[in-house]
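1. A predicted structure for the sequence below; I have some questions about it.
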Amino acid sequence: MIQVQNITKSFGKLQVLKGIDLHIPQGKLYSIVGPSGAGKTTLLQIMGTLSNPDSGHVEIRGEKLSKLGEKKLAAFRNREIGFVFQFHYLLPEFTALENVCIPAFIAKRSKKDAEEKAKDLLNFLGLKDRMTHKPAELSGGERQRVAVARALVNDPAVIFADEPSGNLDTKNREDLHDLFFKLRDEFNQTLVIVTHDENFARQSDKIVAMRDGWIEE
Ligand code: ADP
């Protein structure tokens, strides 16, 4: 599903990624761990098309990202990649349902189709009674589940998550982790998750341990 070949990236004089190779098969949950500053977020952003490498290539579902122009890349990102961040970034003036629909509208899907899919997802994520709530009326765990539904609405090839449970209490963190495993097991979803949670990382299919811009193990 994801092929990363010899990626390098520098910010000024600091080389943050020093030649990363990684192959992630469909339907697997990979966790990326390592100390702060190791390059985890930079790698995730490059795989997720949010940032370009200085050299090397990323291929997702057979599509070489560097070959896509700006416009095609934006459409590819919206269709094939779901992001979940530490903070949910929901739009405060819209309901949970409307927030989940947004990537589907950007993909020019009909209102009916988008809403059906968004409702199914919110149902699946245990948010049936929360669809018309705005983010401020939801708990932290609920908001993060809405963010997961939004990431899934276009049936993306892969979900990239950066410290998705970093801002949650223990119970909500465990619920979110269970949800990621459920997505893998029931939908064959590919997930790549940067985490500091060792317990969660141990349960994933593979742990990618980074240090100083390298994959250490
Ligand atoms: P991690 O996610 O493992 O903590 P990051 O990928 O966020 O590591 O950062 C790796 C290094 O790159 C850090 O030293 C960070 O300060 C630096 N860095 C990240 N993004 C930028 C940027 N946009 N400009 C300059 N330096 C950056």
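-> Arrived safely.
2. Looks to me like Q15 is in a helix.
-> No - under DSSP: H, G, I helix; E, B strand; the rest coil, Q15 sits outside any helix and is assigned strand.
3. Could you check how many residues crowd around it?
-> Here the number of neighbours of Q15 (other CB atoms under 10 Å) works out to 15. For the C-beta atoms, the positions are set from N, CA and C on the backbone; glycine is no exception.
4. Begin at 41 from now on, thanks
-> OK, 41 is where the count begins now, so the last one is Q55.
5. Quick one: residues contacting it.
-> Residues in contact with Q55 (CB atoms under 8 Å, 6 or more residues apart in numbering) are 48-49, 253.
6. need the contact list for R170.
-> 136, 162, 178, 182, 186.
7. what does this protein put close to the ligand?
-> Those residues of the chain that sit near the ligand, judged by CB under 6 Å from any ligand atom, are 51, 56, 74, 76-82.
8. how about the nearest residue to S179, chain neighbours excluded?
-> Distances taken as CB to CB, 6 or more residues apart in numbering place N212 nearest to S179, at 7.6 Å, with adjacent residues excluded.
9. follow-up on the earlier one: which two from the contacts of R170 end up farthest apart in space?
-> Pairwise distances across the contacts of R170 peak at 11.3 Å for L162 and L178 (criterion: CB to CB).
10. and the two? which has more neighbours close in?
-> Taking other CB under 10 Å, L162 and L178 do not tie; L162 has more neighbours (22 against 19).
11. Backbone dihedrals for that one, both of them.
-> L162 adopts backbone torsions of phi -60, psi -40, taken as degrees, to the nearest 10.
12. can you tell me which residues contact it?
-> 136-137, 140, 168, 170-171, 186, 189.
13. how about a cut-off of 10 Å?
-> By CB atoms under 10 Å, 6 or more residues apart in numbering, L162 lies in contact with 136-137, 140, 168-171, 185-186, 189-190, 193.
14. what do you get for K80?
-> Contacts of K80 by CB under 10 Å, 6+ apart are 56, 71-74, 202-203, 234-236, 248-250.
15. Greatest separation within the residues of the chain next to the ligand: which pair is it?
-> Once CB to CB is applied, the residues of the chain next to the ligand give F51 and G74 as the farthest pair, at 17.3 Å.
16. higher neighbour count, those two?
-> Set side by side, F51 and G74 show more neighbours around G74, with 22 against 9, by other CB under 10 Å.
17. Now that one: closest residue in space, sequence neighbours ignored.
-> Leaving aside its chain neighbours, G74 sits nearest to M250 (3.7 Å; criterion: CB to CB, 6+ apart).
18. Tell me the buried residues in the helix or strand harbouring the one you found?
-> Applying DSSP states H and E as the criterion places M250 in strand 246-251. For strand 246-251, the neighbour count (16 or more other CB atoms under 10 Å) marks 247-250 as buried.
19. partners of that strand, with directions?
-> Sheet pairing for strand 246-251, assigned by DSSP bridges, gives strand 69-73 (parallel), strand 254-255 (antiparallel).
20. can the ones you listed go into CSV with extra columns for mean pLDDT, mean neighbour count and distance to I60?
-> As requested, the strands paired with strand 246-251 are exported to CSV (pLDDT from 0 to 100; neighbours: other CB atoms under 10 Å; distance: least, CB to CB, whole Å):
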stretch, mean pLDDT, mean neighbour count, distance to I60
strand 69-73, 98, 24, 10
strand 254-255, 96, 18, 6
